[in-house]
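Undergrad: compute the structure for the input listed below.
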Amino acid sequence: MSDTNAERRTNVQLRSIFPAAFEALRPFFDGANQWEGQSHDHLAYQTLKEHFPELSSQDVFIVVATTRRLFASGKFPTPN
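TA: Residues are numbered from 1 along each chain as shown. The predicted structure follows:
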């Protein structure tokens, strides 16, 4: 049997920067900042690459998608 509490996520670097990345992306997913009901995803991608140039395109996509999902659910990460 496998340990049900074992950590499945292995990208430690991405996990360590996520709270800061989430805060950098907050304005783009805040409902008050939408334009005609549309989010500013394209600006979120650009901002993330500017703040964290070491991230791969795949990591940028993961962070943006996760941030979007967290905002939709109303759950926010605890800051470091």
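Undergrad: show me where pLDDT drops low in this structure?
TA: Counting by pLDDT under 70, the ranges of the chain that qualify are 1-9, 31, 33-39, 78-80.
Undergrad: try it again with 90
TA: 1-16, 22-23, 25-44, 66-80 (pLDDT under 90).
Undergrad: and the helices in it?
TA: 12-29, 41-51, 57-73 (DSSP state H).
Undergrad: make TSV out of these and add mean neighbour count.
TA: The C-beta positions use only the backbone N, C-alpha and C, and glycine is treated the same way. Formatted as TSV, the helices of the chain follow (neighbours: other C-beta atoms under 10 Å):
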stretch	mean neighbour count
helix 12-29	16
helix 41-51	15
helix 57-73	15
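Undergrad: separation between I17 and G74?
TA: Distance of I17 to G74, given as C-beta to C-beta, to the nearest Å: 22 Å.
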